[in-house]
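> Fold the stuff below for me.
(one chain, ligands or ions: 2)
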Amino acid sequence: MLRDDALKGKTIIVTGGGTGLGKSISRYLLQLGANVTICSRRQHVIDETAKELMAEIGRSNVLGASVLGGDSSQNDASGSVLAVPCDVRNPLEIENVMAKTIEQFGRIDGLLNNSAGNFISPTERLSYKAFDTIVDIVLRGTYYFTLAVGKYWIENKIPGTVLNISTTYATTGSGYVVPSAVAKGGALIMTKSLAAEWGKYGIRLNAIAPGPFPTKGAWDRLFPEPLASLMDPTSRIPLHRVGEHGELANLAAFLLSDYSGYITGESITIDGGEVLMAGEFSHLEKVTNEQWDEIGKTIKQANKESKKE
Ligand code: HXC
Ligand code: NAP
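Ligands and ions are numbered 1, 2, ... in the order given. Down below sits the predicted model:
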């Protein structure tokens, strides 16, 4: 969607950038000229992804922290990937990601809080630890990383941008994913609150609320059998399909770019209209034209009778 060098000169950290949506967005940010640091807990996963993405853009030398010290001619590093392991629940590991990013690319301009943990379960079956695990990754991880990067931006007078990957149920709530809903809801309010507070520094914060976009991470934990056979996520989506990663990457790149410079504190839903199905009468797609003819006649007849009363 954006022109090829739309993010040239920008450096963006993507949490959970080794898999799923984080990987797809990282790929597009790179194509647009950004330097991207991907981080998550599993080092081998981010290293593999960094290698794959570098190969795709025709570069062989991976800048991963674990393999640093390679080709110093890459210090101009425009449009490169750096992989640094990090558990977003640990502030020291977050600070290490930032230090390695600044060392490699000179500065940080954007943060994509994309890491998450989630699984489907009746809430009464959850242990305290299970609830904590999700909230800690999604909410604590998001505010730790945002706080660390925000302090750096304020101190260095950099008008940075945060983009948080939310969910549509951050505002509606949802059964069976309650820790995730609680945490995503909290992160969304943080997005809006800090957008108000840090606007004076030129810092913008926005969110994206995706509907279903197939990834192994989400599908293994939210649509395992027999759930997958019981529910078709596309059946309640007005556009009758799941999202494509490129569609989400377009929106993310726009919100991380200067083209969205006057948008802050906003959450943009990208779900094929799924949340609209909460509308009282939005589920009537299966009513046939013949049935509508019949319904029309019945209503008109009732109108006539009420006029006589
Ligand atoms: C009940 C469960 C459980 C389950 C784990 N636990 N799975 N309880 N039902 N299905 C409990 C464990 O028993 C343990 O509690 C506690 O949770 C922590 O589990 P661990 O395995 O020790 O945690 P950890 O190794 O840190 O793994 C975290 C994880 C895992 C969240 C459980 O799934 C993970 O690594 N996920 C990361 C990727 C991810 O979730 N991607 C999906 C994002 S999709 P006890 O008390 O027994 O010790 C998304 C939105 C999708 O967010 C929206 C779609 C439309
Ligand atoms: P995914 O591939 O499982 O992505 C989750 C990522 O988070 C993984 O790369 C994982 O890597 C990382 N992560 C988990 N715990 C972490 C921790 N403690 N520290 C650092 N990183 C951690 O799933 P996805 O579908 O792409 O999800 C990406 C984002 O989109 C999430 O925020 C999710 O809530 C959101 N979302 C997805 C959908 C969908 O339909 N797919 C819909 C709405 C919202 P490690 O295991 O290596 O740490």
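> Quick one: residues contacting the residue lying closest to residue 154 once chain neighbours are set aside.
Using C-beta to C-beta, 6 or more residues apart in numbering and skipping residues adjacent in sequence, the residue nearest residue 154 is residue 201, 5.3 Å away. No exception for glycine: its C-beta is placed from N, CA and C like everyone else's. Residue 201 makes contacts with 153-154, 157, 159, as judged by C-beta atoms under 8 Å, 6 or more residues apart in numbering.
> Ok, residue 163 next?
Applying C-beta under 8 Å, 6+ apart, the residues near residue 163 are 110-113, 205-208, 252, 255-256.
> can you redo the residues you listed as TSV with pLDDT and neighbour count?
Conversion of the contacts of residue 163 to TSV gives the following (pLDDT from 0 to 100; neighbours: other C-beta atoms under 10 Å):
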residue	pLDDT	neighbour count
110	98	23
111	99	27
112	99	28
113	99	29
205	99	27
206	99	24
207	99	25
208	99	22
252	98	29
255	98	24
256	98	29
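> Surely residue 176 and residue 120 touch.
Yes. Contact between residue 176 and residue 120 holds when scored by C-beta atoms under 8 Å: they sit 5.1 Å apart.
> Next, residue 35: phi, psi?
phi -90, psi 140 (degrees, to the nearest 10).
> Surely it touches residue 59?
No. The pair residue 35 / residue 59 is not scored as a contact, 11.7 Å apart, by C-beta under 8 Å.
> Now do the shared contacts for those two.
Counting by C-beta under 8 Å, 6+ apart, the shared contacts of residue 35 and residue 59 are 79-80.
> So between the two, which is more surrounded?
The residue with more neighbours, out of residue 35 and residue 59, is residue 35; 27 against 18, by other C-beta atoms under 10 Å.
> Tell me, what's the model's pLDDT at that one?
Note on residue 35: pLDDT of 97.
> what about residue 288, distance to residue 294?
Using C-beta to C-beta, to the nearest Å, residue 288 is found at 9 Å from residue 294.
> The two: who's more crowded?
Neighbours of residue 288 and residue 294, each counted by other C-beta under 10 Å, are more numerous for residue 294; the result is 12 against 8.
> Now do the phi/psi pair for that one.
Dihedral angles for residue 294 - degrees, to the nearest 10 - are phi -60, psi -50.
> How about residue 84?
Residue 84 adopts backbone torsions of phi -130, psi 120, taken as degrees, to the nearest 10.
> likewise residue 207?
Torsion angles, degrees, to the nearest 10, at residue 207: phi -140, psi 160.
> Surely it and residue 189 touch.
No. Contact criterion C-beta under 8 Å: residue 207 and residue 189 do not qualify, at 10.2 Å.
> How about the residues of the stretch 51-200 of the chain by ligand 1?
Taking C-beta under 6 Å from any ligand atom as the test, the list of the stretch 51-200 of the chain residues beside ligand 1 reads 116-119, 121, 125-127, 129-130, 133-134, 167, 180.
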